[in-house]
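Chemist: I would like to see how this sequence folds:
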Amino acid sequence: MGAQGWSAVRMEIVVCGYLAFFCSEFVPVTEAGCRERGNQNCCPGRDNDCFEYTRRKTVCYCDSYCQKTRDCCEDYQHVCQISAATNCEVGPWGPWSSCSSPCGVGSKERSRQVSNPPRNGGSPCPDLRQRRGCYGNNVICDNAKEVAKILPDSFKRNFKDPWRRPHMLMKEEKDSYCVYLRVKQASAACRLKLWSAQLVRERLVCAECQSDAMSKSDRCAGDGIEGIRTFWTVASTPGCHGSWMRELSSEHCRCPPYSVLFV
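Modeler: Sure, this is the predicted structure:
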């Protein structure tokens, strides 16, 4: 082949090269993927029905979960306009709450807030709440440990004992007060006597604290604490015991008939 023949061949190669370049610039390559889907090109979250086929006829996905599984369609970033992944950011821990139980074993909690939620497949948020055990030791705990001793109100109120010594007769009389307690538990032995059989679960009982039963603090031992279960036992019925919870108290009062007395 002569010089002119080789020149013609080279010219054809150059022209073809330019044509290929311009074709690639101005004629986009047909790309299967998210743009080929219907109205909903892209889907939030995890959606196994949100898929298309690549140019190689393999399945690719257009849901945001595909960023984690790395099986997104080639045009996912462009069509779905996804920016860079943003990891979750949280604020500092808040203070621990007070113990859930003022007396004995309980728990306390603390929490923190999300300052920047995760986006576009970023790392999920860590735990926002923590809990740990605690042991309540409130000043009222000593009272909660007391066990109330009770009798039916058939026992004479403010009974005057004729055998008291003279110095006991001079004892100052204090005003009675009433405590209304909700029975939470009663043993089977309470059914053996008619009056103690009335101590059944969820019944509201009026217990009167009279002067003779008061301690040095002008109160009856075991008169209960609001919101905390305390315990009682019947002095005249062996084996009769249970628990209750204080709901209301009233000063300078007397309980109605068929109530109980603190001993």
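
Chemist: alpha carbons only for contacts and neighbour counts from here, please
Modeler: Will do.

Chemist: Check whether residue 197 really touches residue 187, as I assumed.
Modeler: No: with contact defined as Cα atoms under 8 Å, residue 197 does not reach residue 187; the gap is 9.8 Å.

Chemist: so where's the protein shaky on pLDDT?
Modeler: By pLDDT under 70, the low-scoring segments of the chain are 1-32, 83-84, 139-140, 156-172.

Chemist: in it, which spans are strands?
Modeler: For the chain, the strands defined by DSSP state E occupy 51-53, 59-61, 89-90, 103-111, 114-116, 129-137, 147-152, 177-186, 204-209, 229-234, 241-251, 260-262.

Chemist: The last one pairs with which strands?
Modeler: Put plainly, it is strand 260-262. Here strand 260-262 has these sheet partners by DSSP bridges: strand 147-152 (antiparallel), strand 204-209 (parallel).

Chemist: Would you format those strands as a markdown table with mean neighbour count included?
Modeler: Formatted as a markdown table, the strands paired with strand 260-262 follow (neighbours: other Cα atoms under 10 Å):
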| stretch | mean neighbour count |
| --- | --- |
| strand 147-152 | 20 |
| strand 204-209 | 24 |
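
Chemist: out of the ones you listed, nearest to residue 73?
Modeler: Taking Cα to Cα, strand 204-209 is the member of those nearest to residue 73, at 69.4 Å.

Chemist: So for residue 239, which of the strands paired with strand 260-262 sits nearest?
Modeler: Among the strands paired with strand 260-262, the nearest to residue 239 by Cα to Cα is strand 147-152 (12.3 Å).

Chemist: What would that closest one look like as CSV? C-alpha coordinates only.
Modeler: The C-alpha trace of strand 147-152 is given here as CSV (Å, rounded to 0.1, in the frame of the first residue of the first chain):
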residue,chain,number,x,y,z
VAL,A,147,-45.6,-3.3,111.5
ALA,A,148,-48.9,-2.0,112.7
LYS,A,149,-50.7,-4.0,115.5
ILE,A,150,-54.4,-3.6,115.3
LEU,A,151,-57.5,-4.7,117.2
PRO,A,152,-61.2,-4.3,116.4
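
Chemist: re the thing from before, how about JSON lines for the strands of the chain, with distance to residue 43 added?
Modeler: Below are the strands of the chain laid out as JSON lines (distance: least, Cα to Cα, whole Å):
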{"stretch": "strand 51-53", "distance to residue 43": "9"}
{"stretch": "strand 59-61", "distance to residue 43": "9"}
{"stretch": "strand 89-90", "distance to residue 43": "24"}
{"stretch": "strand 103-111", "distance to residue 43": "32"}
{"stretch": "strand 114-116", "distance to residue 43": "22"}
{"stretch": "strand 129-137", "distance to residue 43": "31"}
{"stretch": "strand 147-152", "distance to residue 43": "65"}
{"stretch": "strand 177-186", "distance to residue 43": "55"}
{"stretch": "strand 204-209", "distance to residue 43": "59"}
{"stretch": "strand 229-234", "distance to residue 43": "54"}
{"stretch": "strand 241-251", "distance to residue 43": "55"}
{"stretch": "strand 260-262", "distance to residue 43": "70"}
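
Chemist: Can you say which of the ones you listed is nearest to residue 216?
Modeler: Nearest to residue 216 among the strands of the chain is strand 204-209; the distance by Cα to Cα comes to 13.2 Å.
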